[in-house]
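Asker: Need coordinates for the following:
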Amino acid sequence: MNFTTISLHRHLFAYLMMSVVIVCTCAFLIGDLKPKAQFDWLDAMGEGGITLMTLVWIFFTLVSRPAGRVTNLLFVGLLFTHISMLLDFLDEFLRYPENHEWLTTVESLPAPIGMVMMSIALYHWHQEQSAINNQLRRTERYYREHSLTDFTTGLYSADYMKHQIKLEINHAKSQQTSFSLMMFDIRQFSLFNQEYGYQHGDILLREIAQIILMNIRDGDLACRYASDRFIVLMPHTHQNVAVEIERQTKRAIEHLAYKHDNTSCAVYPDVISCSHQYRGWYSYEEVLQDINRQLSHAKQQKEVKIPA
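Answerer: Prediction:
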């Protein structure tokens with residue numbers, strides 16, 4: 001079991017401990033202990049087991065999930081439910097004065113509130129999982145061949161991209177359609193590796209790959225073309241659409257604040273990008289040569305704009 005997420009929820013564990021202590025303290029201050037003969041051990045075992053299980057659910061929720069809104073909603077819902085169960089459990093051992101019998105009524109209120117909170121949390125969890133599944137499907141254009149994927153980024157390899165471009169050219173030629181390509185180059189990536197190490201370099205590439213996947217459409221195919229270069233195949237896509245998606249994706253990558261180790265200092269990737277529309281009368285070698293030429297031209301233009 002992975003306990004690395006526990007440190008992210010220290011404040012939630014503190015709230016849990018504080019809530020349990022407050023409830024127990026108030027109950028024992030207000031109520032008196034029943035005679036042992038009046039204890040209903042069967043009810044106590046049942047309600048105590050439910051109380052314990054809500055604590056187990058809270059623990060596994062916090063161990064299994066990252067910090068965020070869904071986790072907070074699940075925690076609050078389970079905490080309210082746990083408080084109701086705990087008060088029910090304490091009722092088996094405590095007798096409250098007549099002027100405090102309202103406690104037996106109030107103890108049932110947190111549970112429905114907790115159920116509502118958990119229902120909201122489960123809805124958002126469903127939305128979260130749907131987004132993750134959609135993102136995973138974007139890596140599956142036609143079928144997944146694990147031998148043709150890049151180990152570092154999880155994207156398809158350059159060889160797979162070449163094969164898909166050939167298929168797309170044949171399709172465009174037979175159907176009189178067109179397709180577009182986008183290419184992204186991470187500037188000074190070798191310097192990043194030298195300064196922060198290859199492990200951080202691999203992590204940065206994986207994060208950039210995920211950003212690309214989140215910004216392209218279903219049916220588009222993203223691949224790692226070279227060490228610091230990515231290429232995206234966009235079937236049935238005109239130039240103006242490709243340019244807009246390229247602009248959005250480039251801006252998303254440039255806003256990635258990569259933090260290494262435990263520092264708060266962020267490194268922002270510097271990206272060169274290009275996009276172009278192609279039809280079926282090109283060979284795949286000509287297409288790749290042209291998109292690389294387009295990228296080189298974009299690099300030259302940026303270097304001209306940067307003052308010496």
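
Asker: who's in contact with stretch 45-53?
Answerer: 82, 85-86, 88-89, 92 (C-beta atoms under 8 Å, 6 or more residues apart in numbering). From N, CA and C alone the C-beta is placed, and that goes for glycine too.

Asker: typed the wrong thing, it's stretch 17-37
Answerer: Contacts of stretch 17-37 (C-beta under 8 Å, 6+ apart): 79, 82-83, 86-87, 90, 93-97, 100, 103.

Asker: those strands in the stretch 1-150 of the chain, which residues are they?
Answerer: With strands called from DSSP state E, counting those that start in this stretch, the stretch 1-150 of the chain shows them at 32-33, 94-95.

Asker: if we can go back for a sec, filter the contacts of stretch 45-53 down to the ones in helices?
Answerer: Per DSSP state H, helices hold the following members of these: 82, 85-86, 88-89.

Asker: rewinding a little: out of the strands of the stretch 1-150 of the chain, which is closest to Phe230?
Answerer: strand 94-95 (64.7 Å; C-beta to C-beta).

Asker: What strands line up against that closest one, and which way round?
Answerer: According to DSSP bridges, strand 94-95 forms sheet pairs with strand 32-33 (antiparallel).

Asker: follow-up on the earlier one: how about the contacts of stretch 17-37 in CSV, adding pLDDT and neighbour count?
Answerer: Putting these into CSV (pLDDT from 0 to 100; neighbours: other C-beta atoms under 10 Å) gives the following:
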residue, pLDDT, neighbour count
Leu79, 91, 20
His82, 89, 25
Ile83, 89, 22
Leu86, 87, 24
Leu87, 85, 24
Leu90, 84, 22
Phe93, 83, 17
Leu94, 80, 16
Arg95, 78, 13
Tyr96, 76, 16
Pro97, 76, 10
His100, 63, 11
Leu103, 64, 17
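
Asker: Tell me which two of those residues sit farthest apart.
Answerer: Among these, Leu79 and Pro97 lie farthest apart (C-beta to C-beta), at 27.3 Å.

Asker: distance of Cys24 from Leu94?
Answerer: Cys24 sits 10 Å away from Leu94, going by C-beta to C-beta, to the nearest Å.

Asker: before we move on, back to that, now the contacts of stretch 45-53 as CSV including distance to Gly219?
Answerer: Converted to CSV, the contacts of stretch 45-53 look like this (distance: C-beta to C-beta, whole Å):
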residue, distance to Gly219
His82, 46
Met85, 49
Leu86, 52
Asp88, 54
Phe89, 55
Glu92, 61
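
Asker: Show me the beta-bridge partners of Phe179.
Answerer: Note on Phe179: beta-bridge partners by DSSP bridges are Pro235, Tyr278.

Asker: mind checking pLDDT for it?
Answerer: Looking at Phe179, its pLDDT is 94.

Asker: which residues touch it?
Answerer: So Phe179 contacts 168, 172, 233-237, 277-278 (C-beta under 8 Å, 6+ apart).

Asker: about what we covered before: closest one to Arg65 out of the contacts of stretch 45-53, please.
Answerer: His82 (17.3 Å).

Asker: how much space between that closest one and Tyr96?
Answerer: 20 Å.

Asker: By mean pLDDT, point me to the weakest helix or strand of the protein.
Answerer: Taking mean pLDDT, DSSP states H and E as the measure, the chain has helix 102-106 as its least confident helix or strand, at a mean of 64.

Asker: Burial check on the nearest residue to Phe75 once chain neighbours are set aside, number of neighbours?
Answerer: Excluding the flanking residues, the one nearest Phe75 by C-beta to C-beta, 6 or more residues apart in numbering is Leu12, at 5.3 Å. By the criterion of other C-beta atoms under 10 Å, Leu12 has 19 neighbours.

Asker: average pLDDT across the longest helix seen in the chain?
Answerer: The longest helix of the chain (DSSP H) is helix 110-137. In this model, helix 110-137 carries a mean pLDDT of 83.

Asker: Which positions within it qualify as buried?
Answerer: For helix 110-137, burial by neighbour count (16 or more other C-beta atoms under 10 Å) applies to 110-111, 114, 117-118, 120-121, 125.

Asker: Repeat that for stretch 207-218.
Answerer: For stretch 207-218, a neighbour-count test (16+ other C-beta under 10 Å) marks 208-213, 215-216 as buried.

Asker: Now flag whichever of those residues is closest to Thr263.
Answerer: Ile208 (19.8 Å).

Asker: ok so, going back, from the contacts of stretch 17-37, pick the one nearest Cys223.
Answerer: Of those, the one sitting nearest to Cys223 (C-beta to C-beta) turns out to be Leu79, at 45.8 Å.
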